[in-house]
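[1] sequence and predicted structure are below.
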Amino acid sequence: MLATKSNTADTGCVPVSSNCVLWQGPDLPCINLCNGDTVSDVVYKVATDLCAIKSSLDLTELDLSALVSFCTSVGPAPTTNTLSAVLGFIIEKLGCLAEQVDGDGGTGGSDYEEPTLTLPTCLQYTDPGTGQTVTQLQHSNYTLRLANQHCSLKSTVDTHTSQIATLGTRVTSLENAPAITLPQVTPNCVLPATPTAMNVLLDELEAQFCQLRDVLGTVQSLTAAAAQQCAGLGLQRAYSQAGTLNGLPGWKQSISTLADSFNNLWLTVCDMRTGLGAVATSVGTVDCSAFALNFAVSPNNDRTVITLFFNGRTSFPAGFTNCTGQGSKVTIADDLGNKFIGYVDLVTAVADIDGIAFNITSGNLNTSRPYTVTVDACLIKDGQSCSKTRTETVSVPCSTVTIVSATLT
C-alpha cells in the first residue's frame, strides 16, 4: 500500500489513503489500539510509543565515571553509551565487587576490617565472663548494644508514659473530687462528750499530750528516771520483814518502765516506814509533861505593840524543835471580834530576855477594849510532837483623874 502522496507514486502503484485501510488484528490495550482503527491511527500510536522508548533509553548523557574509580581491574568505560555496552560494564563491576565482599581476594581491593569504637560511660558494662568493664566494641557490636539499650530505654519510657497518663487521670479526678467531710468523734475526756470534728479532736489531743509531756518529761527522760533505782537495791536487807527487799510481795526484779521503778520505790518507802515505826516504839515515847508553856504580856502606852516574855517562864528539855518553820501561832484579839495573828520561834524566845514584840495595828483591834493573847505552841522531838495552849488577858488601863484647884471669891 502506498500513500496518496508518495515519492513512489510513479512506480505504477495505485495510491490508497491510509485513512481508508482498517486494522483487522486483535485489540492491543498496551498502545490503546482497537480492531477497526485506521492504519493512520495504528502507525501514529506505534510511532508515539517508539519515540517515548527511544527517549527513555537514550544513554548519550550517561556518566560512568563513578564506576571507573573502583575495581580498576575491570576494563575502562565503554566509548559508546549503547545499552548493551553499559549493561555489560555494570555487570563486570558488580562481579568484581561480589568477589571482594565474599573474600575471594579480588585484585581490585583489600579485606574490610570493622572499626573499634569507644563506648560512652552510660553504655559501658561488666563482661560476665571476665568481670572486666567493657569500654570498647567493634562497630557491629557497638550498634547492637546501642540498639538494645535504645529498646530498653524505649520500653521504660513507654511504661512511664502510660503511668504518667494514668496518674494524670487520677490527679484530675482528685482535683475534681468534692471536698472531704471529716468524720465526727465523741470524746471521752479531752473535750466535752459531744460529736466533734476529727481534726479538732486531734488538735486537742496533741495540745494535751504536749502539756502532759512538759510535766512528765520526754520518753528519754522517763526512761532515764526509771534507771535511777539503786544498783543492787533488791539485794539490800528489808526492815519490815526478814530477808531482802526483792522478797517483798510485788517487787519488780527487772526494771524496764517508770512504773516498775515507781513500784519498787513505794515498796522501799513503806518498808522503811515500818522499820522506823518499830524503832520509835522500841525507843519509847517523848514525855510531853516536860514541856511547860507560860508567858507574860506587856502592851505599850498606845496598846498597838504587845510584847510576850517567855524567858524564865516557858521550859522544855533539850532536843525539842519547832513543829513548823513558822513556829508557834500567836493570836491577839479584842472582845469585838477583831484579831491579829503572828508566829513565835519558841526555841529562841525562851532565851530572849527582851521578849518578842508584835505590832498589832494590822488587826484593827479596838485599843480601848481588853485583849486576849493565845499561844498555840508546838514542839517536836524524835518524830513525836507536843502541843500546848495558853491564854493571857490584857486589861484596859484605868482612866487618870486630874484634880483642878479653884478659888472662890
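    Yes, it's here. Remember, it's a predicted structure, so these values are computed and weren't measured experimentally. Residues are numbered from 1 along each chain as shown.

[2] what element comes up after the helix or strand harbouring residue 332 heading to the C-terminus?
    Here residue 332 sits within strand 328-334, counting by DSSP states H and E. For strand 328-334, the succeeding helix or strand toward the C-terminus, using DSSP H and E, is strand 339-344.

[3] list the buried residues in that following strand.
    If you call a residue buried by 16 or more other Cβ atoms under 10 Å, then strand 339-344 has these buried ones: 340, 342, 343, 344. C-beta coordinates here come from the backbone N, C-alpha and C atoms, glycine included.

[4] stretch 357-366 now?
    The neighbour-count criterion (16+ other Cβ under 10 Å) identifies 358, 360, 363, 365 as the buried residues of stretch 357-366.

[5] now, which of the buried residues of strand 339-344 sits nearest residue 275?
    Each of the buried residues of strand 339-344 was scored against residue 275 by Cβ to Cβ, and residue 343 proved nearest at 34.2 Å.

[6] from residue 394, how far out is the closest one?
    Per Cβ to Cβ, to the nearest Å, residue 343 is found 19 Å from residue 394.

[7] cool, residue 252 as well?
    As it turns out, when the distance is counted by Cβ to Cβ, residue 252 lies 62 Å from residue 394.

[8] what of residue 254?
    In this structure, residue 254 and residue 394 are separated by 68 Å, where distance is defined by Cβ to Cβ.

[9] of the two, which one has the most company?
    The neighbour comparison of residue 254 against residue 394 (other Cβ atoms under 10 Å) goes to residue 394, with 17 against 6.

[10] so who does that one touch?
    Residue 394 sits next to 297, 299, 303, 306, 370, 371, 372, 373 when contact means Cβ atoms under 8 Å, 6 or more residues apart in numbering.

[11] what of residue 206?
    Applying Cβ under 8 Å, 6+ apart, we find residue 206 in contact with no residue.

[12] and the helix or strand hosting it, how far from the chain's centre?
    Secondary structure here is read from DSSP H and E; on that basis residue 206 sits in helix 198-216. Centroid separation between helix 198-216 and its chain, computed with Cα atoms, centre = their mean, to the nearest Å, is 19 Å.

[13] name the next helix or strand downstream of the lengthiest helix in the chain, please.
    The longest helix of the chain (DSSP state H) is helix 139-176. Secondary structure here is assigned by DSSP H and E; on that basis, the next helix or strand after helix 139-176 toward the C-terminus is strand 184-185.

[14] residue ranges of the helices in the stretch 301-409 of the chain, please?
    Counting by DSSP state H, counting those that start in this stretch, the stretch 301-409 of the chain forms helices over residues 346-349, given from the N-terminal end onward.

[15] which stretches in it count as strands?
    Secondary structure of the stretch 301-409 of the chain by DSSP state E, counting those that start in this stretch: the strands cover 305-309, 321-322, 328-334, 339-344, 356-359, 371-381, 384-394.

[16] can you list contacts of the first one?
    Contact with strand 305-309 is made by 295-300, 330, 332, 344, 349, 355-360, 371, 373, 375, 394, as judged by Cβ under 8 Å, 6+ apart.

[17] now the helix holding residue 206: buried residues?
    residue 201.

[18] what's the helix or strand just after that helix packed up against?
    Read in the C-terminal direction, the helix or strand following helix 198-216 is helix 219-226, with elements assigned using DSSP H and E. For helix 219-226, the packing partners by 3 or more Cβ pairs under 8 Å, 6 or more residues apart in numbering; DSSP states H and E come out as helix 258-283.

[19] same thing but 10 Å
    Under the contact criterion of 3 or more Cβ pairs under 10 Å, 6 or more residues apart in numbering; DSSP states H and E, helix 219-226 touches helix 198-216, helix 258-283.

[20] measure residue 20 to residue 39 for me?
    Noted for residue 20: a distance of 8 Å to residue 39, by Cβ to Cβ.

[21] compare those two (neighbour count), which wins?
    Set side by side, residue 20 and residue 39 show unequal neighbour counts under other Cβ under 10 Å, the larger going to residue 39 at 16 against 11.

[22] distance of that one relative to residue 242?
    Distance, residue 39 to residue 242, by Cβ to Cβ: 151 Å.

[23] let's have the contacts of residue 394 in CSV, adding distance to residue 178.
    Converted to CSV, those look like this (distance: Cβ to Cβ, whole Å):
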residue, distance to residue 178
297, 87
299, 87
303, 85
306, 82
370, 86
371, 83
372, 82
373, 82
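
[24] residue contacts, the closest residue to residue 261 other than its chain neighbours?
    Counting by Cβ to Cβ, 6 or more residues apart in numbering, residue 226 is the residue found nearest to residue 261 once chain neighbours are left out, at 4.1 Å. Contact analysis of residue 226 by Cβ atoms under 10 Å, 6 or more residues apart in numbering lists 255, 256, 257, 258, 259, 260, 261, 262, 264.
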